[in-house]
Each structure stands twice: as structure tokens, then as C-alpha cells.
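>>> Task: produce atomic coordinates for the following.
(one chain, ligands or ions: 1)
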Amino acid sequence: MTEIAIIGGGPGGLMAAIALARRGVRTTVFEREDHPERMPRFNPDRSYPIDITGHGLKAVRHIDALTHFDAHLTAFHGISGRAWLSDPWLEPGWIGSRGDITRALMSVVEDRHHDMIDFVFHSEVRTVDVLAGEVAGQSFDLVIGADGAGSAVRAAMRDQVAGFTVETSSVPNYGLLLELDQVGEKLDKHCPNGLAVNPPTLAAVIRDEDKPDGVRWLSVIGLGKPITFTSPVQATTWLRKHCPRVLDLTSEQAISEFSRREYVHLGQRATCSQLYGGRAVLLGDAAAAFPPAGQGGNAALESAMVLDQCLAAGPPETVGARYNSAWKPEADAVSWIGAQVRYQDVRMILRMTLARAVGVDIGRLSKSSTRSYSDVRRAARRLGPIWA
Ligand SMILES: Cc1cc2nc3c(=O)[nH]c(=O)nc-3n(C[C@H](O)[C@H](O)[C@H](O)COP(=O)(O)OP(=O)(O)OC[C@H]3O[C@@H](n4cnc5c(N)ncnc54)[C@H](O)[C@@H]3O)c2cc1C
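Below is the predicted model of the structure:
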């Protein structure tokens, strides 16, 4: 019997555990945090709204979890904004926080697979022997690194596997979260609502049962350089100038919290020379971390599905090479797509507008459930100098 360890119980790790359980494969999931149901619903550093569209949808279908996603997230009906920003979505899709996604996946575990997946919560894995497959003193046939952008498994592979390298770079993208606590009926909760183009400002919901209508509205403002405010008054003046629409949707209290909140650097990128080494493989953000372009969660879910398909196709000893040839081109392509997004960069806004005019809007195309990320990148590159 194959023993598999999954490091990280985020969207990618849980998707992998469920997909494997469906085929009768047991796993042990090591997660440094608590069970998602015991975690706070709102964490201003992590509770940004995520939309799950075509790539995530394929994975959700793979584990037959549409009803669980319907129950834990809000249905996604497309982007709402000015005419050229609007983009209806006709397939199943969802909006929610990373926590909403992990709660949906945990409900699948609890309904169907609790006897096949062992969870070790509050266990931060610090050292992994990727050649021997050793984690926390136990030996495994396969170690799945699903431990996010700062992956300890990836670091171990870099130290222990000959020829394994990680290239890091960064773009100047920063995000500041503003809660919109006065939305009422003014916006459509089924759509991320575009409130400003420069700085890019999208408002969308996460689930929160403590709120009267069951959702909390959040807006992530994308900045080309870090910003800090010295007072709520200064923050209000800045919002009035740069994204005035939010002022109708939020309270003084929320602006006061916004003015004290730390911006988050969202522009980090890590690209691995390969996605396997020794007895370990990498998926999700651990395999390829890239600036948010609406795809990190989607790609994490899809990469776990692809890994499961590769495991089903042959023995676990050779899964690394199969998975690498299936997912590495996709990971590179979606990372390239993410790196094209530059907040408040006028050249990028022009590029996006030009590309959209000729039907190659990489943001829209990468939501598709029928086009691969590498296909989207190829289409973009055919436009020559518009995309780098
Ligand atoms: C502002 C913003 C907006 C975004 N919007 C979108 C969007 O609209 N659509 C979209 O698809 N994606 C979006 N993303 C990206 C998305 O959140 C991530 O790409 C996704 O969560 C990655 O999933 P993962 O499972 O690979 O990693 P993670 O979600 O990072 O999960 C990794 C897990 O591993 C655990 N862990 C880490 N290290 C260890 C360790 N050493 N030992 C044990 N456990 C460990 C962590 O606690 C965590 O639970 C956005 C990201 C940001 C920042």
C-alpha cells in the first residue's frame, strides 16, 4: 500500500487528498493551522475574495463536489462593471475566501472520506528528507508539497535534489484591503464589482454567518507602490481622489481600520526548474507562486487534479516525471499570465485594452474551462510586442 504525506491543507492539498481518497488511496495531511471550521471567518491578511471559474471547476467536478461548493460559497455570475469591464459567466462558478474554499473541501472530507484521510493540525513541517520521503520522523512513498508560496518542501528540494533550482522575481504589486460595510442592495453579490480601474479596485463577498445577509463585502485595492496613511482623514481624502465609489459603500469605522492596515506585497513569483525531486512533488503555490490574476486558487485545485490523474496512470515511483510533463508547462504559463498584471502601470492598462480589442483578453481567456493556460499564453504571444 502506498503511503502519501501531504504538507499543507489549503485548497491544493485538500483537493489532492480527496481525489486520492476517491480512488482508495490513504493520505496524511500535515497542516500548521487549525481545522478550517475552527479558524476565524475573517482575517484581513488572507480573507480576500477569490473566484473559482473554469480551471477550478474542472477539479471540483473531478471530485464531484459541486453541491458542497454551492453550500459554502456564493455563486459567481461574472464580473460586473462598466460595459467593457462586464463579463458574464454561464458555467458553475463561485466567489468566496480561501477559508470558504477549504471549508467546502473539508465538508466533502467529512461527508465521504473521513476514514481515508488523517489530519495532523497544528503541525508545521520544518524539515523534510525528500530523498528518503521522511516527514516528522515517518517514512512515506510520496511527499506532496502543497504548502503554499513559502513552501518548506520546495526549500528542501532546492537543498537536497541535484539540479533542482528556484528562480524568484517580483513585480511592484501591492494590495490594501478595505471592508465595505454599507453595501446593502447597491452591488450584486454574485459578481466581483469593478469600482475603479486605476488603482484597480474590485469588491466581492466572502461568507460570514455573523452578518445579517450572510456575507461580508471586501474590496482589494491594487497599488503600484506601497502606501501608508497617517490618519483616517488622510485615507478618506486619498479614497475620494482615487476610488470615490467606495465612499458610498463603507463607514468611517471601516475607513479607520483601512487607514491602519498594512499593505501586502502581492507581486512575488517563484518558478521551479522541475516540479519533482526524490520522493516529492509540488503543487499549487508551492509549485509556482505568482502575482494574483484570479488564478492561484484555480491553478492549485487543477494541479491537484492533474497529480491525481498522473498517479492513476502508473506507479507512484515514476509519478514525478509524468506530473512534471503534464503540469509544468501549465504552471509556467499561468505564472507568466500572473506576471503580466502590473497595478497602476499605464503601459499595462494600454496593453490590456489593445489585447481586449483584438479578442485576446488574457484575464478572461484564463477563466475558461476548455482552454489550457499554455494555450492562452500562446494566443497572447501571437500578438507579438503587445505582450512581453
Ligand atoms: C489578494 C489576492 C487575491 C487572490 N484572488 C484570487 C482569485 O480571485 N482566484 C484565484 O484562483 N486565486 C486567487 N488568489 C490566489 C490564491 O489565494 C492562492 O493561489 C491559493 O490559496 C493557493 O492554494 P495552495 O493550496 O497552493 O496554497 P495555500 O492556500 O497557501 O495553502 C497552503 C497551506 O499550507 C499550510 N502550510 C504552509 N507551510 C506549512 C508547513 N511548513 N507545514 C504545514 N503546513 C504548512 C498553510 O497553513 C496553508 O493552509 C489570490 C491571492 C491574493 C493574495
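>>> ok, and for the helix or strand hosting R356, which residues are buried?
Using DSSP states H and E, R356 falls within helix 346-357. Of all the residues in helix 346-357, those buried under the rule 16 or more other CB atoms under 10 Å are R351, M352, A355. For every residue, glycine as well, the C-beta is placed using N, CA and C.
>>> what's the answer for stretch 181-191, then?
Neighbour-count burial for stretch 181-191 [16+ other CB under 10 Å]: D181, V183, L187, K189, H190, C191.
>>> hang on, the earlier thing: how about the CA coordinates for the helix holding R356, as PDB?
Output in PDB follows, covering the C-alpha atoms of helix 346-357 (Å, rounded to 0.1, in the frame of the first residue of the first chain):
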ATOM      1  CA  VAL A 346      -0.300  52.800 -17.700                       C
ATOM      2  CA  ARG A 347       1.600  50.700 -20.300                       C
ATOM      3  CA  MET A 348      -0.100  47.600 -18.900                       C
ATOM      4  CA  ILE A 349      -3.600  49.200 -19.000                       C
ATOM      5  CA  LEU A 350      -2.900  50.200 -22.600                       C
ATOM      6  CA  ARG A 351      -1.700  46.700 -23.500                       C
ATOM      7  CA  MET A 352      -4.800  45.100 -21.800                       C
ATOM      8  CA  THR A 353      -7.100  47.400 -23.700                       C
ATOM      9  CA  LEU A 354      -5.400  46.700 -27.000                       C
ATOM     10  CA  ALA A 355      -5.300  43.000 -26.500                       C
ATOM     11  CA  ARG A 356      -9.000  43.000 -25.400                       C
ATOM     12  CA  ALA A 357      -9.900  44.900 -28.600                       C
END
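>>> Quick one: list the elements packing against the helix or strand following it.
The C-terminal neighbour of helix 346-357 among helices and strands, as given by DSSP H and E, is helix 362-365. The helices and strands touching helix 362-365, judged by 3 or more CB pairs under 8 Å, 6 or more residues apart in numbering; DSSP states H and E, are helix 346-357, helix 373-381.
>>> which stretch among these comes nearest the ligand?
The closest of the helices and strands packed on helix 362-365 to the ligand is helix 373-381. By CB to the nearest ligand atom, the value is 11.9 Å.
>>> Contacts for the closest one, please.
With contact meaning CB atoms under 8 Å, 6 or more residues apart in numbering, helix 373-381 is reached by 55, 295, 299, 329-330, 332-334, 336-337, 340, 355, 360, 362, 365-366, 368, 386-387.
>>> That one vs the ligand: in contact?
No - counting by CB under 6 Å from any ligand atom, the ligand has no neighbours in helix 373-381; the shortest distance is 11.9 Å.
>>> What does whatever residue of the stretch 51-200 of the chain ends up closest to the ligand show for phi and psi?
The ligand sits closest to G148 of the stretch 51-200 of the chain, with a gap of 2.7 Å, by CB to the nearest ligand atom. Main-chain dihedrals, G148, degrees, to the nearest 10: phi 80, psi -170.
>>> what sits against it?
Counting by CB under 8 Å, 6+ apart, G148 makes contact with G8, G10, G284, D285, A286, A289.
>>> surely the second one meets L301?
Right, G10. No - using CB atoms under 8 Å, G10 makes no contact with L301, being 10.1 Å away.
>>> Looking at those two, which has the bigger crowd around it?
Higher neighbour count among G10 and L301: L301, with 29 against 23, using other CB atoms under 10 Å.
>>> Find the nearest non-adjacent residue to the more buried one, please.
A59 (3.8 Å; CB to CB, 6 or more residues apart in numbering).
>>> and that neighbour, what does it touch?
Counting by CB under 8 Å, 6+ apart, A59 makes contact with M15, A19, L301, E302, A304, M305.
>>> I'd like to know which of the contacts of G148 is nearest to E317.
Of all the contacts of G148, E317 sits closest to A286, with 21.0 Å by CB to CB.
>>> Quick check: nearest residue in space to that closest one, chain neighbours excluded?
S151 (3.6 Å).
>>> Count the neighbours of that neighbour for me.
Using other CB under 10 Å, S151 has 26 neighbouring residues.
>>> Now do the helices for the stretch 101-250 of the chain: every range, in order, please.
For the stretch 101-250 of the chain, the helices defined by DSSP state H, counting those that start in this stretch cover 152-160, 232-242.
>>> and the ones you listed as TSV, adding mean neighbour count, distance to L218 and mean pLDDT?
Formatted as TSV, the helices of the stretch 101-250 of the chain follow (neighbours: other CB atoms under 10 Å; distance: least, CB to CB, whole Å; pLDDT from 0 to 100):
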stretch	mean neighbour count	distance to L218	mean pLDDT
helix 152-160	21	29	98
helix 232-242	15	15	98
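>>> Show me which residues of the protein are close to the ligand?
Contact residues (CB under 6 Å from any ligand atom) of the chain with the ligand: 7-13, 30-33, 48, 50-51, 98, 124-125, 146-148, 152, 175, 220, 266, 284-286, 292, 294-298, 300.
>>> Inside strands: which ones of those residues?
Counting by DSSP state E, the part of the residues of the chain next to the ligand found in strands is I7, F30, I50, D51, G175, V220.
>>> how about the residues you listed, which pair is most distant?
Pairwise distances across these peak at 29.6 Å for F30 and V220 (criterion: CB to CB).
>>> Comparing those two, which residue is more hemmed in?
F30 (25 against 21).
>>> Beta-bridge partners for the more buried one, please?
With DSSP bridges applied, F30 shows beta-bridge pairing to I7, V120.
>>> Who are the contact partners of it?
A5, I6, I7, G8, G9, V120, S123, V125, V135, A136 are the contacts of F30 under CB under 8 Å, 6+ apart.
>>> Helix, strand, or coil at the first one?
Of the three states, A5 takes strand according to DSSP: H, G, I helix; E, B strand; the rest coil.
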